[in-house]
Structure formats: structure tokens, C-alpha cells
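Q: have a look; sequence and predicted model below, questions after that.
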Amino acid sequence: MSKKFAKMQDILNLMSNKLDERMVRMAQFKEPSKVEILEEYRDHILTPDAIDYIDLSTLALGFSYWIEDKLTGHMSEYKYTHKEGEFFHFEEENIKEGTATETHKFFQLNKKGRLVNAVASNSFGVMQCYTPDDCRFVLGESAFESNIVGSDEYRTHKSLTKYESGVWTQTLFKGGVRNSTEPMAPDTEELKPIGTYEYIFDKNGLALYQYDDACSICNLRVRVKPSIQL
């Protein structure tokens with residue numbers, strides 16, 4: 001067995017084990033009520049008319065908050081580590097059973113809370129570029145492109161976002177692919193649904209609650225150690 005094949009098999013086995021764990025927890029957990037989250041943070045909820053007031057420059061260096069994945073029990077700390085030019089850098093550290101894991105994510109946000117870039121690494125050395133989040137706070141229909149690190153291909157995505165009573169609901173679709181020499185992705189490929197995401201944000205545009213059914217597996221992440229800065 002080649003080293004490359006063995007490494008791929010290790011990744012597949014890890015993914016399968018994590019899926020089994022998640023399916024067990026899915027059958028056991030009770031979803032925290034969005035009403036409970038909205039009540040707990042009632043003075044700090046982001047609304048569409050407050051988007052223009054998002055200003056991450058008000059955050060103190062070292063600001064952090066904690067999110068719990070309710071289906072795995074894992075905790076993640078998001079920490080504002082430094083500012084570079086006009087971008088604010090956050091690091092995510094995952095905690096499992098009280099110990100930091102080898103998976104790290106690094107995020108760049110602009111002053112208005114939009115995700116500009118994010119890269120993840122883990123013990124297998126896998127690197128992944130996350131989609132710039134141009135559409136998260138845009139109500140109605142919008143579009144953006146995503147690119148994987150090391151590739152010259154760009155995929156078109158479309159977003160349909162609505163807001164109701166503190167909850168942002170975003171449905172994402174993926175479309176055609178173009179390479180870097182083409183002006184736009186072909187529109188002949190039918191849009192395919194990725195999933196629907198429900199968010200509750202604080203006034204900085206940072207997540208208090210996220211639920212999604214992407215990849216046919218539901219995910220539920222909730223802030224559990226609040227650290228709000230107005």
C-alpha cells in the first residue's frame with residue numbers, strides 16, 4: 001500500500017468515525033431554542049438596519065468568544081489575534097475533551113465583519129480555502145465566487161437570504177465553474193442546492209447561533225461563553 005493511499009484511507013476512516021459519532025448525538029440532543037438565544041442576547045442582536053454600524057475596530061486585541069458544536073460536544077475558541085492593514089485576523093482553536101486539537105482555522109475579516117479569507121489545517125496537512133462571505137448580510141438574491149487554494153478554478157455561488165425576528169436564513173446554491181482566464185462561469189450548469197443556514201449574530205456580525213443542513217448532515221453551533229463588546 002502506497003503512503004499516499006494509506007494517508008487517504010486514514011482521512012476516510014477519520015471522517016467515517018466522526019460521522020458515526022455525529023449520528024449518535026443527532027438522535028440524542030435537544031436543540032437549544034432560538035427563542036432562548038434571542039432572549040439571552042436580546043440587547044446585542046444584529047438587525048438589517050444595524051449592518052452599516054458594524055465596526056470591528058472597536059474590538060480590543062485579544063477579544064475572544066466560545067462556540068460549542070452541540071452534535072459533537074467540541075468547543076472552539078475564536079480569538080482576535082492581530083490586525084494587518086485593513087484586515088482583522090481571528091484564529092479558531094478546537095478543544096476536544098479539554099485538549100486542543102491539531103485543527104486550526106485562520107480567518108480574515110474586514111472592518112464591516114465580512115469574511116475575506118479563511119484557511120484550515122489539521123494533522124494530515126490538509127489546507128482548505130473558505131469562500132469569501134460577500135452575501136451573508138445581503139437580503140434577497142446575490143452571487144459570489146469561491147476558489148480552492150492552489151487551483152485556478154472559480155465556482156459561482158448564489159445566495160438567497162431573508163431576515164425575520166432576529167434570525168438570518170441563507171440558502172446557498174452552487175453553479176458553473178470557470179478558470180482564471182475566463183470572464184465568467186458558464187450559466188449552462190443548473191444551480192444545485194448546498195444547504196440552508198440559520199444564523200443569529202451579535203452586533204459585531206459574529207455568530208451567536210448557527211444551524212445548517214449542508215451536505216445532508218445537520219450542524220448546530222451555539223455561543224456558550226458569551227463575550228459581547230458593543
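A: Good, I have the coordinates. Residues are numbered from 1 along each chain as shown.
Q: name the helix or strand for Tyr80, please.
A: strand 75-84 (DSSP states H and E).
Q: need the next SSE after that strand, C-terminal direction.
A: Next along from strand 75-84, by DSSP H and E: strand 87-96.
Q: report the buried residues of that following strand.
A: 88, 90, 92, 94 (16 or more other CB atoms under 10 Å). For every residue, glycine as well, the C-beta is placed using N, CA and C.
Q: likewise stretch 52-64?
A: 54, 56, 59, 63.
Q: the nearest residue to the last one once chain neighbours are set aside: what's it in contact with?
A: Distance criterion CB to CB, 6 or more residues apart in numbering; nearest residue to Phe63, sequence neighbours excluded, is Tyr80 at 4.5 Å. If a contact means CB atoms under 8 Å, 6 or more residues apart in numbering, then Tyr80 has 56, 59-64, 88-90 as its contacts.
Q: all strands for the protein, in order.
A: 64-69, 75-84, 87-96, 99-109, 115-121, 128-129, 140-147, 153-164, 167-179, 192-201, 207-212, 219-225 (DSSP state E).
Q: just to revisit the earlier point, in JSON lines, list the buried residues of strand 87-96 along with distance to Arg136 and pLDDT.
A: Shown next, in JSON lines, are the buried residues of strand 87-96 (distance: CB to CB, whole Å; pLDDT from 0 to 100):
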{"residue": "Phe88", "distance to Arg136": "16", "pLDDT": "91"}
{"residue": "Phe90", "distance to Arg136": "15", "pLDDT": "90"}
{"residue": "Glu92", "distance to Arg136": "17", "pLDDT": "86"}
{"residue": "Asn94", "distance to Arg136": "22", "pLDDT": "77"}
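Q: distance to Leu46 added to those, as a markdown table?
A: Shown next, in a markdown table, are the buried residues of strand 87-96 (distance: CB to CB, whole Å):
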| residue | distance to Leu46 |
| --- | --- |
| Phe88 | 17 |
| Phe90 | 17 |
| Glu92 | 20 |
| Asn94 | 25 |
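Q: nearest to Thr171, of those residues?
A: Glu92 (24.6 Å; CB to CB).
Q: report the beta-bridge partner residues of the closest residue to that closest one other than its chain neighbours.
A: Closest residue to Glu92 apart from its sequence neighbours, by CB to CB, 6+ apart: Lys105 at 4.1 Å. With DSSP bridges applied, Lys105 shows beta-bridge pairing to Glu92, Ala120.
Q: give the contact list for the closest residue in space to Leu139 that isn't next to it in sequence.
A: Counting by CB to CB, 6+ apart, Leu139 lies nearest to Thr161, which is 5.5 Å off, once chain neighbours are set aside. Shown in contact with Thr161 (CB under 8 Å, 6+ apart): 135-140, 142, 168-171.
Q: pLDDT below threshold where in the chain?
A: For the chain, the stretches with pLDDT under 70 are 1-32, 96-104, 120-133, 147-150, 180-189, 214-218, 225-230.
Q: hmm, try it at 50
A: 5, 11-12, 15-16, 19, 22-23, 25-27, 29, 188, 226-230 (pLDDT under 50).
Q: as JSON lines, the buried residues of stretch 52-64 with distance to Val35 would be great.
A: Putting the buried residues of stretch 52-64 into JSON lines (distance: CB to CB, whole Å) gives the following:
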{"residue": "Ile54", "distance to Val35": "24"}
{"residue": "Leu56", "distance to Val35": "28"}
{"residue": "Leu59", "distance to Val35": "28"}
{"residue": "Phe63", "distance to Val35": "27"}
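Q: many thanks, I have nothing further to ask.
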